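*Asks:* test case, fold it:
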Amino acid sequence: MGKELEKRRLEEWLTTLKSSPPLSPFSLTLYHRESSARCAETFQSCCSIVEDPLCRDVSRQFFEEGMEVFFEEGTPSVCRYGGGFFGFLIPFTMGAEQFCLVGDGVRDETVDLWQLASLSRTGGGDVFSLFPYVESLSTASYQEVEKVAREVAEEVEKLSFPPQEPHAAAPLPPDPRHADPRLAAVAETLEHLDRSKTIAESIALCSETIVTQLQVAKLAIALRNDDGTAYQVTGLWGVPDDLGCIPAAAAKVFLAKEQAKKTVLYDSRMRSILPAFGAAICINFPLASQNEQLGFLALGDTDLPGQGVLMVSMLSNALAGKLLQIVKAAQQSRETALSEKLMSLTDTLLQVECKEELYEAILSIASELIDATQGSIMLMDKDGENMRIVFTLGMTLNVARCLPVKVGKGIAGMVAQTGQPLLVNDVEKDSRVAMANRVRFKSKSLICIPLKLKDKIIGVLNLSDKKNLAPFSNADLQVLTSFANLASLMIERTEVLEESERFEQLSVTDALTGLYNRRFLKNRLEEELNRSIRQGLNLTVIFIDLDFFKNYNDLCGHLAGDEALKITAEIIKGSLREMDIVARYGGEEFCAVLPGTSKEEALIVAERIRSEIEAKRFPMDSEIPNARLTASLGVASFPEDGRTFKALVHASDVALYEAKATGRNRIVAARTAAASVRQSETAERPVHPPAALAKALDFNAFLEASLVSKG
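*Replies:* I've put the predicted structure just below:
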C-alpha cells in the first residue's frame, strides 16, 4: 500500500506541474532512482503524462541510456535528437529521493522527416502511422525549449505533493489504416532517395512524386552555387528549364521564414527577381540541412490542402539532406584526389636540382592545375620591402626581372602585405583593384596567392588568362592555395640546401683562390690512396711553390700578391684533368693529386705547369729580378715513394726543397730509397730548414739575381 500511495502522490504532483501553460504541448515523465539486491541503482520510470506516444518512445530511447550522466551533471539539459525532436531533462531531489523529470513532444521547425522515417524503419515500426502525428506536433526553437526548462526547474523547487485528480489516460495512436494513401508514395520515394547516387537522380525522384501525387501546376528548384553567391534556378514542371541565376541576397525573398511553406501571392518583388516563373501564387519550401541553406523548391499556381504541405516538407527535407550528403562526398573525393596529386607533385619537386628548375616546375604545375596560360613567381628581398620576379610563364623573364614590385603597391604587393589570396573576376570592375586591363592579358580575371611559411611571407604566385578565357573560380583558388603551401615549403627547402652547400663549400675551400684547402686535401688524398691500393693503380703528388714570392709580395704589394696567387691557381687547374685534385696547401704553396698517373706521366704535367707560370705576365712583375715569377715543383708517386699520406707528402716536400736548393724554376722527382720509404711511413712531415737559414738563402739568392739583372 505504501508504494501505491507514493506512486499516486507522484502522479498527482506531475499533473499539477503539467497544468502550467508553458508545459501544455509537452509530455512529462518522472524517473525515480531505485535499487535492489539484484542490480545496481538505476533510474526507472514511475509515472507519465503523455501527449504524443511517438515522441515519448523516441525520447525514452534517447534519454534513458544516459540518465545517470544527466543526473550527475546536476543542471537542466536540452537536447535535439531523432528526426528533429526537442526534449529536456531536469535532475532534482525530494528529501532523500532522487528524480529526473523528462519533457518531450515538440519538434524543430526544420525537422528532418526523412531521418524520422529511417528511425521508424530501424525500430521495426509502421512508417505510415508516424506522418499524421508529425503534422500536428508543436514546433519550437532550441532557445524556447531552454527557457521552458529553466522555468520548470524553478517550479520543481517550489512544488510539494498536493492531492490532485487523476489525469485522463493518454490517447492511443490512430489506426494506420486510415492514413492518407499518398503517404505510401512518399514513403517509397524516401526509400529510393536513400539509395540515389547523384543530384539529378535525387531531384528527379522528389519532383516526380510531388507532381504526380499533388497535381502541382508549376515546379522549380533553386540550388546554391559553389561559392554561395548565387542560386541557379531550374524548371522541373510547367515552366522553362533554364530560369536564370538569382543573387543570394535576392533569394531571401523566397526563403523568408514567415512565408515558408505557406501559400502566398507571387508579388512584384518575386516577379522582378524571377520573372520567367510566371505564377500567380506560390509555396516555397527551403532546402536546408545541418544549418546549411542549399536552395529552395518553388511550387506555382498550386494550393496544397490537407497533408500536402507535410508531404512536400518531408520530401524537401529529405532532398536537402541527400543533396548535402552528395555535395560533401564529392568535396571529400576532390580533397582526397588533390591530396594524392599533391603527394605526387611533392616527389616531382623533390627531384629538382636547382632553384631555377624549381621555379619553372612550380609555375608549370600551378598553371596546369587551374588551366592558366600566364603567370609569374615573385620572391621577397631580404629587406622585406620589395619583390622581384624570379620566373615567368607567357612573358619575357629578362624584362620582368628588371621590374621590382614594392610591397603594398599593386595587386601582388597588396597580397604580399596582407598575406591574403586574391581572386579577381574583372580587374576593371573589382573595387579592390579598379584598374584598366593591361594589353598583354587576354582576360580580366586573375588569381594572386601569397607564398608563406607559417606567418612569414616569402613571395607571391600570380596566374592569369584561363585557357577558355573564363573567370577563375573559388575552386581554382582553393586548389591553388593548397599547392602554394607545398610550393612555399619547396622554395624554402631549396634555399636552405643551397645555403648549406655554400657554407660546406666555404669550409673546404680557400677563400682567395677557390681551390680546396689543406684539410680537404688530406681526406681526399687518403681516399685516393685507399682506392689505388685496392685497384693496384698509380698515384702521383705534385707540390708547386712560387719562387721568391715573399719578396714579390713586399715589392709589388699584397694586392698584386693575391692576384698572382689567383693566376697561379687558374694555371694549375687548367693543366689538370677534371678528375685530378688541386689545393692551396699554404701561403704560395700548392698541391696537385693525380690519381691513376705514374711519375713519368706526372712529370709531363708538372713541366706544363712550370712553363706556363714562367711565361705568364703577372701584375707588376717588371719590378722583380728577371722581370718574371717562376715556380719550383717536387713530384712523388705511389707506391715507390710512399704508401701513406705522410710518406707521399714527405717525399714530394723533399723533392721540392731540392728544386729550390739547386736553382729554382725547375722540377725534381723524388728519389727515395726503399729503406727511406719504410722509415717515412711513420715519420712526420719534415721541418723546413731553420727559418733564419732559409730566409738567408732566399735573400742571398735574391740579391745575386738582382745584381746579375742590373749587371
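*Asks:* how many neighbours does the nearest residue to residue 20 once chain neighbours are set aside have?
*Replies:* Leaving aside its sequence neighbours, residue 20 sits nearest to residue 155 (C-beta to C-beta, 6 or more residues apart in numbering; 6.4 Å). Where you see a C-beta, it was placed from the backbone N, CA and C, and this is true even at glycine. By other C-beta atoms under 10 Å, the residues close to residue 155 number 14.
*Asks:* residue 568: what's it in contact with?
*Replies:* Residue 568 is in contact with 544, 546, 588, 590, 613, 631, counting by C-beta atoms under 8 Å, 6 or more residues apart in numbering.
*Asks:* low-confidence ranges, the stretch 201-350 of the chain, go.
*Replies:* 306, 338 (pLDDT under 70).
*Asks:* what distance separates the start and the end of stretch 591-608?
*Replies:* End-to-end span of stretch 591-608 (C-alpha to C-alpha, to the nearest Å): 15 Å.
*Asks:* returning to that earlier point: what about the contacts of residue 568, which are in helices?
*Replies:* Using DSSP state H, the members of these that fall in helices are residue 613.
*Asks:* for the contacts of residue 568, work out which two are farthest apart.
*Replies:* Greatest spatial distance in the contacts of residue 568: 588 and 613, 11.2 Å, computed using C-beta to C-beta.
*Asks:* so these two - more neighbours on which side?
*Replies:* Applying other C-beta under 10 Å to residue 588 and residue 613 shows that residue 613 carries more neighbours, namely 24 against 21.
*Asks:* the residue nearest to the more buried one when sequence neighbours are not counted - how many residues pack around it?
*Replies:* Using C-beta to C-beta, 6+ apart and skipping the chain neighbours, the partner closest in space to residue 613 is residue 631 (4.6 Å). Residue 631 has 28 neighbours, counted by other C-beta under 10 Å.
*Asks:* likewise the one 5 residues further on?
*Replies:* Using other C-beta under 10 Å, the number of residues around residue 636 comes to 29.
*Asks:* can you check the one 10 residues further on too?
*Replies:* Here the count is done by other C-beta under 10 Å, and residue 646 has 16 residues near it.
*Asks:* check the one 10 residues further on too.
*Replies:* Taking other C-beta under 10 Å as the neighbour definition, residue 656 ends up with a count of 25.
*Asks:* right, and the helix or strand after the strand or helix carrying it?
*Replies:* Take DSSP states H and E as the rule and residue 656 turns out to sit in helix 645-661. Heading C-terminal from helix 645-661, the first helix or strand you meet, by DSSP H and E, is strand 667-669.
*Asks:* now what about that next one, what contacts it?
*Replies:* 599, 603, 606-607, 610, 632-636, 655-656, 658-659, 662.
*Asks:* what pairs with it, and is each one parallel or antiparallel?
*Replies:* Looking at strand 667-669 with DSSP bridges, its partner strands are strand 631-638 (parallel).
*Asks:* how distant is stretch 367-385 from the center of its chain?
*Replies:* 18 Å (C-alpha atoms, centre = their mean, to the nearest Å).
*Asks:* I meant to write stretch 58-72 there.
*Replies:* Worked out by C-alpha atoms, centre = their mean, stretch 58-72 lies 41 Å from the chain centre.
*Asks:* that stretch - what's its average pLDDT?
*Replies:* Averaging pLDDT along stretch 58-72 gives 85.
*Asks:* among the contacts of strand 667-669, name the buried ones.
*Replies:* 599, 603, 606, 610, 632-636, 655-656, 658-659 (16 or more other C-beta atoms under 10 Å).
*Asks:* in TSV, list those residues along with pLDDT and distance to residue 310.
*Replies:* Shown next, in TSV, are the buried ones among the contacts of strand 667-669 (pLDDT from 0 to 100; distance: C-beta to C-beta, whole Å):
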residue	pLDDT	distance to residue 310
599	93	106
603	95	107
606	95	105
610	94	107
632	95	109
633	96	106
634	96	107
635	96	106
636	96	105
655	94	109
656	94	107
658	93	114
659	94	111
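*Asks:* now, the most widely separated pair of the residues you listed?
*Replies:* 599 and 632, at 17.1 Å, using C-beta to C-beta across these.
*Asks:* strand 631-638 and the helix or strand containing residue 570, what's the angle between them?
*Replies:* For residue 570, the host element (DSSP H and E) is helix 558-575. Helix 558-575 runs at 40 degrees relative to strand 631-638, counting by axes from the mean of the first three to the mean of the last three C-alpha atoms, to 10 degrees.
*Asks:* skip ahead from helix 558-575 and say which helix or strand is next.
*Replies:* Downstream of helix 558-575, the first helix or strand assigned by DSSP H and E is strand 581-586.
*Asks:* please state the offset of that next one from the chain centre?
*Replies:* Relative to its parent chain, strand 581-586 has a centroid offset of 48 Å by C-alpha atoms, centre = their mean.
*Asks:* alpha carbons of it, in PDB - could you do that?
*Replies:* The C-alpha coordinates for strand 581-586 follow below in PDB (Å, rounded to 0.1, in the frame of the first residue of the first chain):
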ATOM      1  CA  ILE A 581      92.600  17.400 -57.300                       C
ATOM      2  CA  VAL A 582      94.300  20.700 -56.600                       C
ATOM      3  CA  ALA A 583      94.500  22.600 -53.300                       C
ATOM      4  CA  ARG A 584      96.200  25.500 -51.800                       C
ATOM      5  CA  TYR A 585      98.500  23.900 -49.200                       C
ATOM      6  CA  GLY A 586      99.500  27.100 -47.500                       C
END
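*Asks:* can you give me the angle it makes with helix 645-661?
*Replies:* Using the same axes, to 10 degrees: strand 581-586 against helix 645-661 is 70 degrees.
*Asks:* domain map for this protein?
*Replies:* Annotated domains of the chain cover 2-158, 182-330, 355-505, 518-710 [automatic domain parsing].
*Asks:* columns distance to residue 341 on top of those, output as TSV?
*Replies:* As requested, the domains of the chain are exported to TSV (distance: least, C-beta to C-beta, whole Å):
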stretch	distance to residue 341
domain 2-158	35
domain 182-330	16
domain 355-505	8
domain 518-710	41
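*Asks:* between these, which one is closest to residue 340.
*Replies:* domain 355-505 (12.0 Å).
*Asks:* just checking: what are the partner strands of the host helix or strand of residue 451?
*Replies:* Counting by DSSP H and E, the element that carries residue 451 is strand 446-453. The pairing partners recorded for strand 446-453 under DSSP bridges are strand 422-424 (antiparallel), strand 456-466 (antiparallel).
*Asks:* out of the ones you listed, deepest packed?
*Replies:* strand 456-466 (a mean of 22; mean count of other C-beta atoms under 10 Å).
*Asks:* let's test this: mean pLDDT of that strand, rounded?
*Replies:* 89.
*Asks:* what's the first helix or strand after it?
*Replies:* Following strand 456-466 toward the C-terminus (DSSP H and E): helix 474-508.
*Asks:* separation between residue 232 and residue 98?
*Replies:* Residue 232 sits 57 Å away from residue 98, going by C-beta to C-beta, to the nearest Å.
*Asks:* for the closest residue to residue 64 other than its chain neighbours, list each beta-bridge partner.
*Replies:* Closest residue in space to residue 64, ignoring its immediate chain neighbours: residue 43 at 7.4 Å, by C-beta to C-beta, 6+ apart. Under the criterion DSSP bridges, residue 43 forms beta bridges with residue 33.
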